[in-house]
Structures are given as C-alpha cells and as structure tokens.
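> Sequence first, predicted coordinates after that:
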Amino acid sequence: MRIAVSLLILFLCVSTAVAQGQSESLQTGNSSLAGPDEFEILGISVEGVETENLRNFALRSSGLVVGQKITLPGDPAISEAIRSIYKLRVFSDVRIVEERRAGTGIFLLIQLTEEPQLAEFTFSGIKKKHRRKLEDEVPLFKGTRVRPADLERSKQIIKEYFGEKGYMLAEVTVNETPGPENTVNLDFEIDIGEKVRIREVLVTGNENISDRTVRRKLKKTKARKGIFFWRKARFDRMLYEEDKVNVVNHFNSKGYYDARVVRDSVWLDTSGDKPGLVVSLEVQEGPQYHVRSIEWDGNTVYPDEVLSGALGLTPGDVYNSERLEQNLHGNKSSSDVSSLYMNQGYMLFRVQPEVRVVEGDSLDLYYDVYEGEIFSFGEISITGNEKTKEHVVRRELYTIPGQTYSREMVQETIRRLSQLNYFDQEKLGAGPSIDLDQEEKEVNLTYNLEEIGSDQLELSGTYGRFGVILMLRFGFNNFSAQDIFKGRAWRPLPSGDGQQLSVSLQTSGRQYQSYSLGFTEPWLRGRPTPVGFQVSHSRFTSNFGGYYGYGYYGYGSDFDRDNNTGFTNTSARVFYEQRLQWPDDKFSASTSLGYQFYFNRDYTYALPSGQSQQITVRQALTRSSVDHPIFPTAGSTFLLSAELALPIYDFIQYHKWRFSTSWNIPILRKLTTSFSADFGYIGSVTGKDVLFERYIVGGSPFDVQGYRNNFGKDIIYMRGYPSRVLGPRRNGEAVGGRVLNKFTSELRVLAIQTPQITAAPYLFMDAANTWDQIESYNPRQFYRSAGVGARLFLPILGMLEVAYGYNFDQFTPIRGQESEHDGSNRWFFQFTLGQGFN
C-alpha cells in the first residue's frame with residue numbers, strides 16, 4: 001500500500017511539472033505575478049514567416065482570436081495553440097510570448113521558425129541501380145518541408161533496404177546544404193560495408209528429429225559453411241518466419257502434434273575475421289501422437305470407408321499432418337478426398353477437419369463434410385489467342401458445356417493445351433478463371449492464354465567429308481493451309497490452324513544436296529486423326545571415286561575409278577494416326593506407308609550398284625501423359641512399333657521392331673528426374689542378310705548432318721561419344737547393328753520459363769550399345785557416359801541443347817575422327833540445334 005501511494009504522489013508531481021513546462025512558453029513582463037489573472041487578447045502578431053498567407057494560416061491554426069479571454073499563467077489554450085501549429089508540419093520551433101499589456105488586455109506574439117523546403121536529394125557511395133530504387137522508397141519529395149523525423153525515417157529505410165541484401169552494417173550520414181529562400185539540398189552518404197551472412201544456425205530442444213533435418217527445413221535460412229560455399233546465406237525476416245512454420249509442419253508430419261518453436265533469436269557475431277549472423281531456434285517437440293479413430297459427418301455420396309481410404313491413414317498410424325492435408329485437398333495423383341467430390345461435380349464441397357487430443361498419446365480425427373449440389377460446365381470462354389484460331393483451342397478442350405463439372409477434365413485440358421506448345425506454359429498452368437453461377441448451378445470457365453512463338457528457323461553449318469555443309473530449315477508448327485490464298489493472312493505466313501509445315505535444305509555445293517518437305521494436318525475432318533506426308537530427295541556425287549569400290553565388295557579401296565561415283569535417294573511417306581479411347585484416351589495408333597528409291601553408283605557397299613527400292617508399312621502404338629512436349633516435369637511416354645519392308649520382287653526386305661518408354665518423376669515443383677529405355681531389333685523376312693537397315697549409335701544430330709552413309713540407318717544419339725563410334729564395324733568403318741539397347745537417366749530443373757526462353761539444365765547418365773546379331777547381345781557390354789547439359793527453347797531457333805559428357809568406356813575412333821576424340825576416357829562437348837539427344 002505504501003508503494004502504491006508513493007507512485008501516485010510521484011505521478012502527480014511529474015504531471016504538474018509537464019503542465020508548467022508547456023505554459024512557460026508564454027513569457028510575461030511582470031515576473032512578480034503572484035497568481036493567475038484573466039486577460040483579454042487585444043492583438044496577435046506573427047513573426048519569423050516571410051509570406052502573408054503563411055502567417056495568416058498559422059494564426060488561424062492556433063485557434064486564438066482577438067477578444068478571447070485567457071488566464072495567465074497556465075491557460076490550456078496557449079498549449080493547444082502551440083500543438084495545433086506544430087501539427088501543420090511546417091515549423092521546427094513555435095513560441096507564444098507576451099508582447100505588451102494594456103490594462104487588463106494583452107498583446108501576443110507568435111514566434112515561428114520555418115522548416116526548410118527540399119530542393120533536391122541525392123545518394124552517394126552506392127551504385128546507380130540502388131539509387132533508383134531508394135528514390136522511390138524514402139518519404140521525401142521536392143518542394144515539401146524537411147523535418148528531422150523524415151530524415152530519421154529515410155535513414156532507417158536505407159538501412160533496411162541494404163539489410164535485406166545482407167549489408168546489415170550499412171552506415172548513413174545526412175549532409176545538409178542550405179539553399180536560397182529557405183531551401184535545403186540533402187545528400188545521403190552511404191557506406192554499405194561488408195555483406196553479413198548467416199554464419200551458423202543453432203537448433204536446440206529437438207530430441208527425436210536431428211539438427212540436420214531441422215536445418216534442411218529452414219529452406220531460405222541457410223548458413224554458408226563447408227562445401228556449400230555458393231549459398232547466399234542472406235537473412236530475410238519474412239522468409240525466416242515462413243521457415244519456422246516449415247519446421248513446425250515437419251514435426252507435425254512425424255506425429256509431434258504439439259511441436260512449436262518456443263523461442264528464437266538472431267544476433268550479430270563480430271568475432272572472427274568477418275562479422276556473421278547467428279540464428280538460434282529452441283524447439284519443443286512434445287509426445288508423438290497416433291491416430292485412434294477417424295469419424296466423418298455429413299457425407300452421403302461416399303461411405304466412410306472410401307473417404308478414409310483416400311485419407312491414407314488408419315487407426316494406429318502415426319499422425320501425419322502433411323499427408324492428411326495433401327490427401328484431403330490435393331495430391332499429385334488426384335486421389336484425394338476433394339478430387340473425389342470435385343470430379344463428380346460437387347463444386348461447393350467443403351470439409352472442416354478437427355483434431356481432438358484424447359487420453360495418452362492418441363488423436364481422434366473428425367471431419368465435417370458439406371457436399372453441396374452438383375454443378376455442370378457452363379460457358380467456356382477463350383482469351384489471348386491472337387494467332388491460334390479458336391477452333392484449334394476448342395477441339396482440345398475436355399470441359400464441355402452441359403457436362404458434369406470435373407476437376408480432372410480441367411487438368412486434362414490444360415495438359416492437352418500444353419502439348420500444343422503454342423501458349424505460355426506458366427500462365428496456362430495457373431488454370432482457367434472460374435465464375436460460379438449459383439442459380440443455374442453452372443461453372444463458367446475462361447482460359448486465359450498467351451501466345452508464344454512456336455515456329456522455328458534453323459541455320460547451321462558443319463564441316464565434314466565434303467567441306468562446309470550448310471543447312472536451312474523452316475518449321476511452322478501453327479500453319480494454315482486453308483488461308484494460303486488469303487492475302488491478309490500472309491504475316492509472314494498463314495497461321496492459326498495448328499498444321500505443321502517443314503521445309504529444309506542442306507548443301508555443300510555440287511557434291512551434296514538434300515531437300516525435304518513435310519506437312520501434317522492434326523485434325524482430319526474435325527476428328528483427332530493426324531494425317532500427313534513427307535517427301536525428300538538427296539544426292540551425293542564424288543570426283544575422287546567410290547570409297548568402297550565395287551558395290552558389296554572391295555571394302556576400303558580408295559582409288560579414283562569413276563568420276564561419276566555417287567548416290568541418290570528419293571523417298572515419300574504418308575501416315576495416319578488415330579486417338580484411342582481404350583485403355584484410355586492417351587493412347588493412339590498410327591499407320592504409315594513409305595517408298596524409297598536408291599541409285600548407287602559404287603558409292604556404298606550396303607547396296608548393290610544400280611537402283612534399289614523398298615516399300616515399308618509401319619504400325620505403331622503410343623501413349624503419352626507428359627505435361628509438356630519438350631520440358632516434361634511429370635508423366636510418361638510409351639512406343640511400340642513394327643515396320644515391314646515388303647519382300648516383293650527384288651525390293652529391299654527386313655522387319656524392324658522398336659520399344660521405348662520414358663518416365664518423369666517430379667521431386668520438387670521444378671525439379672524432375674527421368675528414366676528412359678530403348679530397345680530395337682532388325683531381322684530378315686526372307687532369310688537373306690540385311691545389310692542396309694541398321695542402328696548407328698553415338699554423337700548428336702548436329703554431328704551427322706550430311707553424312708554420306710546414313711541412308712537406311714536409324715541414328716541413336718548419345719552424349720559423351722562422337723557419331724557412329726559404337727557398334728559393329730567392317731574394315732574399321734562403322735556399319736551399325738541389328739540389335740539396339742539404350743538407357744538414359746536425367747535430373748533436371750526447369751530454371752527459366754518465359755515466353756522468350758525456356759531453359760532446363762540437367763545432369764545425365766547414358767548407357768548404350770548395338771550388336772550385329774541377337775545371339776551377340778550382352779547386357780554387360782554397354783558404353784557408359786555421364787555429365788551435365790542444358791536444354792533450351794527459343795521461339796525462333798527452336799530446340800537448342802548442349803552437353804558436356806565423360807565417357808567411362810574407351811573406344812577405337814573411326815578413321816578421320818581421331819582429332820575429334822581419341823577414344824580415351826575424357827570429357828567431350830556436344831551441341832545440337834533443332835533436335836535433342838533423346
């Protein structure tokens with residue numbers, strides 16, 4: 001009680017002193033005034049201000065008027081007048097004093113000191129990019145009054161700006177230079193100092209989950225230590241708060257439902273060569289809980305057993321908040337509870353989870369379900385397709401007006417549109433805009449598209465046997481044959497109908513020329529049945545004789561026998577593809593018919609001299625569920641094909657089988673691992689040896705352009721090895737094999753995804769080989785390589801890929817390629833344009 005009385009007396013004394021201090025700004029001429037007297041204000045004047053308007057403004061703001069009665073000393077009207085003038089934020093000092101007296105009247109003088117006006121402010125000691133950003137951040141504007149509080153706030157903002165970038169020891173000095181007419185020039189002299197990084201992250205209180213695991217969950221709060229020298233190790237308060245939530249969520253996912261961060265601190269450690277931040281977290285785990293029971297309420301569409309099965313936890317399991325959240329609202333396989341309802345049209349489905357702590361270390365899970373009514377697809381709108389015609393987009397839509405709403409159909413539509421490669425993937429992946437019509441029970445969708453360049457122009461050159469080989473290729477992936485005769489459609493070419501047109505030319509002058517033309521109509525007569533054709537013509541001539549001499553025989557003779565030695569090939573192919581509905585609509589079947597004409601003037605041993613012909617029929621079954629044709633992050637592909645060269649007359653004969661598959665497994669949002677396998681076999685229909693059709697392994701698409709002996713060969717590209725070095729040989733020359741096996745794995749990250757460029761660096765491992773006979777196949781005879789690479793897509797150039805691989809297995813280089821690779825274990829750089837390695 002005595003302490004309370006003492007505090008009350010102290011508070012009253014302080015309050016009295018403050019009140020007296022505020023009223024003492026009014027100085028009176030009579031210092032012997034014993035008590036307060038009442039005066040009438042006879043006049044008020046203002047000094048310290050040059051303009052009449054500002055003087056009048058200050059006088060009006062004070063609230064004092066002539067004729068007003070005031071009591072001196074201590075009238076609260078004087079203190080209120082001073083505060084009101086200060087609130088104008090124009091003056092740095094305000095005083096109200098007695099000017100003179102007349103009987104019971106008094107004349108007052110308001111003495112003001114103006115704050116200077118800002119003429120200009122600059123920043124020194126920092127780069128131009130920082131100056132531009134700080135000009136928008138600091139609360140200073142030319143022509144406004146400069147107050148000390150504004151300067152302090154500006155200094156704080158500057159320090160916070162550089163602190164977010166790691167410069168936590170930045171110093172700011174304000175240099176003021178007076179100007180004319182009460183103006184001032186400010187210069188913020190900044191010394192950012194050294195960048196301060198996180199030196200150490202300390203974790204305490206955790207008993208069952210390791211420090212290392214907790215630090216991994218601090219994804220944006222990392223210390224630069226040991227081998228992780230490249231880390232930014234910058235401290236960001238907002239990201240740090242998110243990381244603390246990640247830590248707690250991880251403990252919850254391991255059954256520690258009560259886990260929390262009880263205290264944390266961040267301090268600057270100035271010991272050592274450089275100052276560094278130390279982040280410390282103290283965690284309280286609590287007991288590990290198990291699920292005792294799961295109860296559902298309000299569900300009528302699905303029984304409890306189905307919903308509990310989708311939830312992924314059963315009584316007795318360790319509580320896992322992460323799994324429950326994913327299986328309740330959205331997992332990668334779309335088998336979650338929410339998807340069960342959303343795929344049946346229950347657009348307003350909601351579920352409210354409740355976790356009840358019961359005896360011991362057990363939890364009861366209670367879920368209150370609101371199913372709502374069934375919605376259908378309503379109006380489907382498309383925006384942003386400035387180049388692609390609307391019917392090309394609509395034929396890919398699985399969201400049909402009138403059908404029951406399904407989240408799965410929306411996702412499949414996005415995947416189909418991504419496969420076109422006409423639109424920005426990031427914007428497309430955000431999904432359509434959704435508008436619910438509660439009265440009609442319809443879901444109106446708007447697909448917001450953004451066109452990207454999908455046409456390709458490839459101009460490249462290689463140096464080979466014939467010298468410099470130039471290639472020019474145009475690939476128009478959104479062509480419109482219907483608009484060819486419409487003059488306004490040539491901008492620069494008719495486009496928008498989704499057709500593919502490709503034209504290419506390769507030449508080294510008279511010695512080598514190659515021309516090709518291809519066209520594909522992806523939808524024949526309004527159905528997803530692609531049809532198309534390809535025609536090509538190639539010609540090799542040589543004035544130094546046939547390298548192999550007389551047709552099948554005399555391998556290796558390099559004498560000048562015939563100035564007309566050469567090789568001509570003309571080919572044509574038509575194909576037809578049909579999308580299947582079984583086993584699912586991701587399957588398709590294709591049929592193609594091809595014709596090849598060869599005329600060999602002692603140019604290659606694989607064919608007899610003179611003309612040869614072949615007619616091929618190819619049947620293929622494919623399935624694709626990848627989310628992007630070039631940069632897949634999820635999904636798989638499958639191909640099974642059989643090709644038959646008909647044994648009619650003296651035509652070339654063979655049968656060829658091919659099986660390939662690839663799987664893309666997402667690890668993180670943009671980090672993906674992939675595995676692929678490729679098998680091939682070429683056999684004889686009539687029993688005669690097949691010399692012409694072979695598998696050639698090694699190199700890149702760029703390496704084999706214009707190579708004279710690639711006719712009748714399937715080129716299997718492989719990183720880390722030059723072209724054609726793997727597989728059977730005759731007289732030192734690669735002839736290829738009839739049995740193929742290749743495996744590939746990649747770990748890639750989708751680093752850049754914009755309309756201008758898409759880039760995905762990767763790590764790879766390849767293994768491949770080819771054998772002459774099925775009896776020679778040996779799975780331990782693979783040639784292996786590993787390395788790094790990057791896959792890029794530019795709207796004009798198309799696909800561009802680089803790889804730097806190391807060959808683990810030595811090989812004998814092909815004659816003439818020794819300078820490219822000597823066959824030893826070494827790193828090998830490869831580059832390709834227009835087509836990837838896989």
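In hand now; what should we look at?

> Tell me where the stretch 401-550 of the chain has strands.
With DSSP state E, counting those that start in this stretch as the criterion, the stretch 401-550 of the chain has strands at 433-437, 442-448, 456-464, 467-479, 499-507, 512-521, 531-541.

> With respect to residue 382, which of these lies nearest?
Ranking the strands of the stretch 401-550 of the chain by distance to residue 382, with CB to CB as the measure, places strand 442-448 first at 5.1 Å. From N, CA and C alone the C-beta is placed, and that goes for glycine too.

> Residues contacting the closest one, please?
With contacts defined as CB atoms under 8 Å, 6 or more residues apart in numbering, strand 442-448 is touched by 347, 375-384, 393, 397, 399, 405, 410, 413, 417, 427-428, 430, 432-437.

> how about a cut-off of 10 Å?
If you take CB atoms under 10 Å, 6 or more residues apart in numbering as the criterion, strand 442-448 is touched by 345, 347, 375-385, 393-394, 396-397, 399, 401-402, 404-406, 410, 413-414, 417, 423-424, 427-428, 430-437.

> Same check on stretch 482-493?
Under CB under 10 Å, 6+ apart, the answer for stretch 482-493 is 387, 389, 455, 474, 476, 478-480, 494-497, 499, 501.

> how about it: buried residues?
The neighbour-count check on stretch 482-493 (16 or more other CB atoms under 10 Å) flags residue 483 as buried.

> distance between it and the chain's centre?
In this view, stretch 482-493 has its centroid 35 Å away from the chain centroid, taken as CA atoms, centre = their mean, to the nearest Å.

> any idea how this structure splits into domains?
The chain breaks down by automatic domain parsing into domains covering 23-114, 117-191, 197-284, 290-370, 376-448, 669-674+693-838.

> Now do the end-to-end distance for the second one.
Using CA to CA, to the nearest Å, the end-to-end distance of domain 117-191 comes to 26 Å.

> what about this protein, any weak spots by pLDDT?
1-35, 224-232, 458-468, 543-564, 605-606, 704-711, 796, 816-819 (pLDDT under 70).

> In it, what residue spans correspond to helices?
Listed in chain order, the helices of the chain (DSSP state H) span residues 2-23, 52-62, 76-86, 128-137, 148-164, 211-217, 237-253, 304-311, 321-329, 337-342, 390-394, 407-420, 425-429.

> Out of these, which one sits most buried?
Stretch with highest mean neighbour count among these: helix 337-342 (a mean of 22; mean count of other CB atoms under 10 Å).

> Which stretches in the stretch 551-700 of the chain count as strands?
The residue ranges that make up the strands of the stretch 551-700 of the chain, judged by DSSP E, counting those that start in this stretch, are 566-579, 587-601, 610-624, 635-645, 654-666, 671-683, 694-697.

> Could you give the separation of the third one from the chain centroid?
Mean-position distance between strand 610-624 and its chain equals 40 Å (CA atoms, centre = their mean).

> which other helices and strands contact that strand?
Strand 610-624 is packed against strand 566-579, strand 587-601, strand 635-645, strand 654-666, with contacts defined by 3 or more CB pairs under 10 Å, 6 or more residues apart in numbering; DSSP states H and E.

> now do the first one
Applying 3+ CB pairs under 10 Å, 6+ apart, one finds that strand 566-579 contacts strand 512-521, strand 531-541, strand 587-601, strand 610-624.

> Compute the inter-axis angle for the third one and strand 531-541.
Interaxial angle, strand 587-601 versus strand 531-541 (axes from the mean of the first three to the mean of the last three CA atoms, to 10 degrees): 20 degrees.

> Can you point out the buried residues in strand 587-601?
587, 588, 590, 592, 594, 596, 598, 599, 600, 601.

> Give me the sheet partners of it and which way each runs.
strand 566-579 (antiparallel), strand 610-624 (antiparallel) (DSSP bridges).

> right, so of those, which gets closest to residue 248?
Residue 248 lies closest, by CB to CB, to one member of the strands paired with strand 587-601: strand 610-624, at 40.6 Å.

> Please work out the angle formed by the directions of that closest one and strand 635-645.
Angle of strand 610-624 versus strand 635-645, following the same axes, to 10 degrees, is 150 degrees.

> Convert the C-alpha atoms of strand 610-624 to CSV, please.
Below are the C-alpha coordinates for strand 610-624, written out as CSV (Å, rounded to 0.1, in the frame of the first residue of the first chain):
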residue,chain,number,x,y,z
GLY,A,610,22.3,-49.5,-109.7
GLN,A,611,18.9,-48.9,-108.4
SER,A,612,17.2,-50.3,-105.3
GLN,A,613,13.7,-49.9,-104.0
GLN,A,614,11.7,-50.6,-100.8
ILE,A,615,8.1,-50.3,-99.7
THR,A,616,7.5,-50.1,-96.0
VAL,A,617,4.5,-50.4,-93.8
ARG,A,618,4.8,-49.3,-90.2
GLN,A,619,2.3,-49.7,-87.4
ALA,A,620,2.8,-48.0,-84.0
LEU,A,621,1.0,-47.9,-80.7
THR,A,622,1.9,-44.9,-78.5
ARG,A,623,0.8,-43.4,-75.2
SER,A,624,1.8,-40.0,-73.8
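
> buried ones in that strand?
Of the residues in strand 610-624, those buried (16+ other CB under 10 Å) are 612, 613, 614, 615, 616, 618, 620, 622, 623, 624.

> ok, these vs residue 63, which is closest?
Closest to residue 63 out of these is residue 624 (80.0 Å), distances taken as CB to CB.

> Beta-bridge partners for the closest one, please?
The residues paired with residue 624 through beta bridges, assigned by DSSP bridges, are residue 637.

> quick revisit: would you format the strands of the stretch 401-550 of the chain as a markdown table with mean neighbour count and distance to residue 634 included?
Written out in a markdown table, the entries for the strands of the stretch 401-550 of the chain read as follows (neighbours: other CB atoms under 10 Å; distance: least, CB to CB, whole Å):
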| stretch | mean neighbour count | distance to residue 634 |
| --- | --- | --- |
| strand 433-437 | 13 | 23 |
| strand 442-448 | 20 | 20 |
| strand 456-464 | 16 | 25 |
| strand 467-479 | 18 | 23 |
| strand 499-507 | 18 | 25 |
| strand 512-521 | 17 | 26 |
| strand 531-541 | 18 | 29 |
